[in-house]
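Student: show me how the following folds:
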Amino acid sequence: MNVALGSLPADPAQGNEDFAAAAPGAAVLLDGASVAGAETGCVHGVEWFSSTLGALLLSSLTTRPAWSLADCLADSIRVVRSLHEDSCDLTYRASPTSTVVAVRTGAGALEHLVLGDSTLLLTDEEGKATAITDRRLDEVGKRLRGPVDDLPTGSPEHAAALAEYRDALTGLRNRPGGFWIAGPDPRAAEHAFTGTVPLESLASVSLLSDGATRLVDRFELADWQETVTVLDSSGPGELIRRVREAEGGDLDGRRWPRGKARDDATALHWVLP
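Tutor: Numbering: from 1, shown residues only. Take a look at the predicted model:
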């Protein structure tokens, strides 16, 4: 199994809320999410949540081949809940959550699952790249974030507008008409995007957090084809370096309005035999 993995936190002095890992025939990537400044009700934090859920999900994918990916995710969420519901108040709207991308091979096919705004990039044998991303969060965000994007990133005014935006966004989490993400409720797994692709048609599979896809979907400095070229030729580290370079040239968000000047960035690139 030929896998390359790279990950960097937004701030080297802070923890990385992304998690990615691979086992023979399976891989997962999770991007933990929180509401800045909001009470979570959880004593463990987002980094613990995403890494614990990710490790349990990878184990389930490899030990329960008869289960669907959605069933594996639902069960893993249920187990994580059992690990901290006695010590944490999981009724808080800002309780830790995470996006999920999961893939597994079997019976000549690649099964895949995407929940939240991380991306699965499938590249066929002719080099054509196809991105699978859950855009429901983006669609909700566009309706709410206008005031945020009009202000310089990092300014007090931006921070206040961002807090209001995140509070409104949290109220639409895991609700019809809103968006779905892994949190305390296993039923979120029912709303994941899932599918299968013949293994023989694929050259590589890439799992990317939204911090690693900024060159394409935020900055528009590359397309998915170029992203695969970078991953194939230079690996995840080079992709993340290019993201950091672009972020560093626009720290106030004037060119590219965004909630965070820098974000945790993770890329897992799996080249298939």
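
Student: give me the mean pLDDT for stretch 178-190.
Tutor: Stretch 178-190 shows a mean pLDDT of 94.

Student: in that stretch, what counts as buried?
Tutor: Under the neighbour-count criterion of 16 or more other CB atoms under 10 Å, stretch 178-190 has 178-186, 188-189 buried. Bear in mind the C-beta positions are built from the backbone N, C-alpha and C, glycine included.

Student: what's the span of it from first residue to last?
Tutor: 15 Å (CA to CA, to the nearest Å).

Student: determine how far stretch 110-128 lies from the middle of the whole chain.
Tutor: Chain-centre distance of stretch 110-128: 13 Å, with CA atoms, centre = their mean, to the nearest Å.

Student: next, the distance between the ends of that stretch.
Tutor: This stretch, stretch 110-128, spans 17 Å end to end (CA to CA).

Student: buried stuff in that stretch?
Tutor: Residues 110-123 are the ones in stretch 110-128 that count as buried (16+ other CB under 10 Å).

Student: and if you look at stretch 66-80?
Tutor: Quick answer for stretch 66-80 (16+ other CB under 10 Å): 69-70, 72-77, 79-80.

Student: for stretch 53-64, same thing?
Tutor: For stretch 53-64, burial by neighbour count (16+ other CB under 10 Å) applies to 53-61.

Student: also stretch 209-222?
Tutor: So, applying 16+ other CB under 10 Å, buried residues of stretch 209-222: 209-219, 222.

Student: including pLDDT and distance to residue 127, could those go into TSV?
Tutor: Shown next, in TSV, are those (pLDDT from 0 to 100; distance: CB to CB, whole Å):
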residue	pLDDT	distance to residue 127
209	98	23
210	96	24
211	97	25
212	98	20
213	98	19
214	97	23
215	97	18
216	97	16
217	93	20
218	93	24
219	97	23
222	97	15
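
Student: what about those, which are in helices?
Tutor: Residues of those located in helices (DSSP state H): 214-217.

Student: and which of the buried residues of stretch 66-80 is nearest residue 174?
Tutor: residue 77 (11.1 Å; CB to CB).
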